[in-house]
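1. Quick one: sequence and predicted model below, then my questions.
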Amino acid sequence: MQKVIGETKKAFLTGNEAIAWGCLAAEAEIMFGYPITPQNEIMHYWTRLAPKYGKNFLQTEDEISAGFTVCGALQTGLKAFTATAGPGNVLMQEPFGMAEAMRLPFFAIIQQRGGPSSGTVIYSQQEVSLTAHGGNGEGHRIVYSTANHQELYDYTIKGFNTAWKYRFPTFLLGDGYQAKMREPLEMYDPSDRGIEIIKPFPLIGLEGHIGEDREPQHLRNIYSLEEELYDVVLKYDSEYDSIKAELVEFSEMQCEDAEIIIISHGVVSRAAEDAVKALRAQGIKAGCFRPITLRPFPREQLLAVIDKSNAKKMLIAESAMGQLERIVKYEIYGQTLPVETLFMPGVGIIDYDLINKVKSII
Amino acid sequence: MVAPATPKSWYLPSKPHKFCPGCGHGIVLKALGETIDELDIQDKTIFGCDIGCSLLAWDFFACDSTQTHHGRTTPVMVGIKRARPELIAIGYMGDGGGYSIGSQHLLNAAVRNEKVTLILVNNTNYGMTGGQMAPTTLPGQKTETSPFGRDPELTGYPTKGPEFISELTPDGAYVARATVSKYKQLRRFLRNALRNQIEGNGFSFVEVLSTCPTNWRTNAQQTWHFLEDEMEQYFTVGELKTPFGKGDK
């Protein structure tokens, strides 16, 4: 196979461009997409890069179609993907649900924009609930919340592998700031980092004569009896539960002696790290914790960080009205540390906001 | 007595099938099975079915099959065909799935001349959900959501699918309307529709007029009367577009 990235190289790219390169490096074969800001440039770069590497693209009539064409292509064993945002993410909950029900290795990039409704085309962290728990099911999904361009590249590659390894819908949850900003990153061939790209395989369209070499494959997502569905959902839940420990990812900074722990995810966690440094310089013992996987959530890890700290409070900060907060409170139920919040729905949070907030509550 | 031949491409463990007595789906699926056998495409056929009565065919064939959401069979089959052009993608749906909730997919797949074959069974109502008005319900026809008869002033006239699809598609497309009352013609149209995909000419679409005695609340004679004298009067049967030269009215 033709290597997309030869020697590891420094690059200075927008986030959407970094993702398009990541998709190529992950050996993705076809993108189905529909225009919506702020993810458009993933399509723009893919449509320019794809022909050079024998890859394909189809612009569908809407996000419902983009999601379902991906479902069809995945079933035949092609590494397909899509990207969307905001109202497109709403429409794609239907095909994401089918992928959840049929255990299709669906990988999608979500670049969050402001909501509800058309909201803004710019930025938010308001698609956390939808991405992690959307659909008429149980949210058997894997969600990586990235914070910088290196992660956009890294987790695009990892996202495909996670989807094809575990066969739960997998999401890279970015936002418009990450999508549109330019930042330095290092692009590499996955094999140079010891990353093995998981090869796709078909569920239908198999080799051999039916009735002689093999049985026909009948895939479905509907059941006649309640008990049939019950057994399926319980099986999926048990499998999901069993892989949580190997999936969860987080980062933490200076929580050991911290009196206050800032909890944030995605691009806001960068402001949190800057705030911790500034607060420490002013003699305030702050630390921060960042879930990288929002689903499954690093529950044990957060509890352990709280336990070993001297925290008197935690501050949950997000560019949404408590979508992360609800997850955190649910996950660490029983932990009595007082919770303060900084909710700025659809608006960026910088270190200054966090420093002021921390000073006002300690 | 000789039992009627069963198509080789039928999946026997799922027989007898689950459609209501007098339903036309069995006839369509028999014709499709015989056509798959005739064209020798069983091993490379992907049969995809919609939600609605068509979903009862999810394990009907000894072909690789997939079942989708209401209206979404078209994009799933498009994804399959785009991913693996050597496969034969057959989408199977009802009039609600194709002409109502999935109409944007049908329309755009037709415009793009996607090289899939779609079979849409028109029985003038939503059968699985209990007999509601469909895009194809005839003027004056009583359904659960038009209990006093469909009033075109309020709800418009029945959708003529093959007519609009034949206008939308470029050359290479195959568009026809068949009926379960004319079996040999149905077989011919299905053969042409699949041949068209095998040859890679373009989009193939066959609407099949069918029966629903359960929701029509008709006996055998009334059922046949409604099909032949009401539906076939409103919906003209024949080939509307064919790359094979001769039309069949």
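-> Received, thanks. The structure presented is a predicted model; accordingly, all values stated were derived computationally and were not measured.
2. Nearest to chain B within the stretch 151-300 of chain A, name that residue for me.
-> A:Ile204 (3.7 Å; CB to the nearest CB). C-betas here are computed from N, CA, C, even on glycine.
3. Now do the same contact list for the nearest residue to that residue once chain neighbours are set aside.
-> Closest residue to A:Ile204 apart from its sequence neighbours, by CB to CB, 6 or more residues apart in numbering or on different chains: B:Asp64 at 3.7 Å. If you count contacts by CB atoms under 8 Å, 6 or more residues apart in numbering or on different chains, B:Asp64 has them with A:204-206, A:210, A:216-218, B:45-47.
4. now A:Thr76
-> Applying CB under 8 Å, 6+ apart, the residues near A:Thr76 are A:202-205, B:46, B:79-80, B:83-84, B:87.
5. Give me the subset of the contacts of B:Asp64 lying in strands.
-> Taking DSSP state E, the ones among the contacts of B:Asp64 that sit in strands are A:218, B:45-47.
6. Out of those, who's the most crowded?
-> Counting neighbours by other CB atoms under 10 Å in any protein chain shown, B:Phe47 leads the ones in strands among the contacts of B:Asp64 with 31 neighbours.
7. Okay, and the beta partners of that residue?
-> Judged by DSSP bridges, the bridge partners of B:Phe47 are B:Ser65, B:Ile90.
8. Tell me the spacing between it and A:Gly205.
-> 11 Å (CB to CB, to the nearest Å).
9. and what of B:Pro147?
-> 45 Å.
10. ok, for A:Ala286, nearest residue in space, not its chain neighbours?
-> A:Leu279 (4.1 Å).
11. Ok, A:Ala275 next?
-> A:Leu354 (3.8 Å).
12. Over to A:His218?
-> A:His218's closest residue in space is B:Asp59 (CB to CB, 6+ apart), at 4.2 Å.
13. Now do the contacts for the one you found.
-> A:218, A:220, B:11, B:13-14, B:65.
14. run the last query once more with 6 Å
-> Contact analysis of B:Asp59 by CB atoms under 6 Å, 6 or more residues apart in numbering or on different chains lists A:218, B:11, B:14.
15. and of those residues, the nearest to A:His44?
-> Relative to A:His44, the closest of these is A:His218; by CB to CB it sits at 39.1 Å.
16. what's around the residue of the stretch 151-300 of chain A closest to chain B, how many residues?
-> 23.
17. Can you flag the buried ones in the contacts of A:Thr76?
-> Among the contacts of A:Thr76, the ones that count as buried by 16 or more other CB atoms under 10 Å in any protein chain shown are A:202-205, B:46, B:79-80, B:83-84, B:87.
18. Any chance of the residues you listed in a markdown table with pLDDT and distance to B:Pro139 as columns?
-> Converted to a markdown table, these look like this (pLDDT from 0 to 100; distance: CB to CB, whole Å):
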| residue | pLDDT | distance to B:Pro139 |
| --- | --- | --- |
| A:Pro202 | 98 | 47 |
| A:Leu203 | 98 | 44 |
| A:Ile204 | 98 | 41 |
| A:Gly205 | 98 | 43 |
| B:Ile46 | 98 | 38 |
| B:Gly79 | 98 | 37 |
| B:Ile80 | 98 | 37 |
| B:Ala83 | 98 | 42 |
| B:Arg84 | 98 | 43 |
| B:Leu87 | 98 | 41 |
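19. how deep is residue 25 tucked in, by neighbour count?
-> No chain specified, so I'll use chain A. A:Ala25: 23 neighbours (other CB under 10 Å).
20. ah, I was thinking of chain B
-> Neighbours of B:His25 (other CB under 10 Å): 26.
21. List the residues that contact the closest residue to it other than its chain neighbours.
-> Of all residues beyond its chain neighbours, the one nearest B:His25 is B:Phe19 (4.6 Å), with distances taken as CB to CB, 6+ apart. Contacts for B:Phe19 (CB under 6 Å, 6+ apart) come out as B:25-26, B:56.
22. Which residues are in contact with the closest residue to B:Gly161 other than its chain neighbours?
-> Sequence neighbours aside, B:Glu207 is the residue nearest to B:Gly161 in space, at 5.2 Å (criterion: CB to CB, 6+ apart). Shown in contact with B:Glu207 (CB under 6 Å, 6+ apart): B:120, B:122, B:161-162, B:177.
23. what's the distance between B:His225 and B:Leu138?
-> In terms of CB to CB, B:His225 sits 13 Å off from B:Leu138.
24. A strand includes B:Ser54, no?
-> No: using DSSP: H, G, I helix; E, B strand; the rest coil, the assignment for B:Ser54 is helix, not a strand.
25. pLDDT at it, what is it?
-> Per-residue pLDDT puts B:Ser54 at 96.
26. go on, B:Gly247?
-> 52.
27. ok, now A:Tyr352?
-> The model's pLDDT for A:Tyr352 equals 98.
28. What about it, how many residues nearby?
-> 12.
29. what does A:Ile222 give?
-> Neighbour tally, A:Ile222, other CB under 10 Å: 15.
30. before we move on, what about B:Ala220?
-> Count around B:Ala220 with other CB under 10 Å applied: 11.
31. Also the one 4 residues further on?
-> B:Trp224 has 16 neighbours, counted by other CB under 10 Å.
32. any idea how far B:Ala31 is from it?
-> Counting by CB to CB, the gap from B:Trp224 to B:Ala31 is 18 Å.
33. Now do the helices in the stretch 251-362 of chain A.
-> Assigned by DSSP state H, counting those that start in this stretch, the helices in the stretch 251-362 of chain A fall at A:268-281, A:299-308, A:323-331, A:351-361.
34. Checking my notes, A:Leu173 in a strand, right?
-> Yes: counting by three-state DSSP, A:Leu173 is found in a strand.
35. what about the residue nearest to it when sequence neighbours are not counted, how many neighbours?
-> Excluding the flanking residues, the one nearest A:Leu173 by CB to CB, 6+ apart is A:Ser145, at 4.7 Å. Neighbour count of A:Ser145, defined by other CB under 10 Å: 31.
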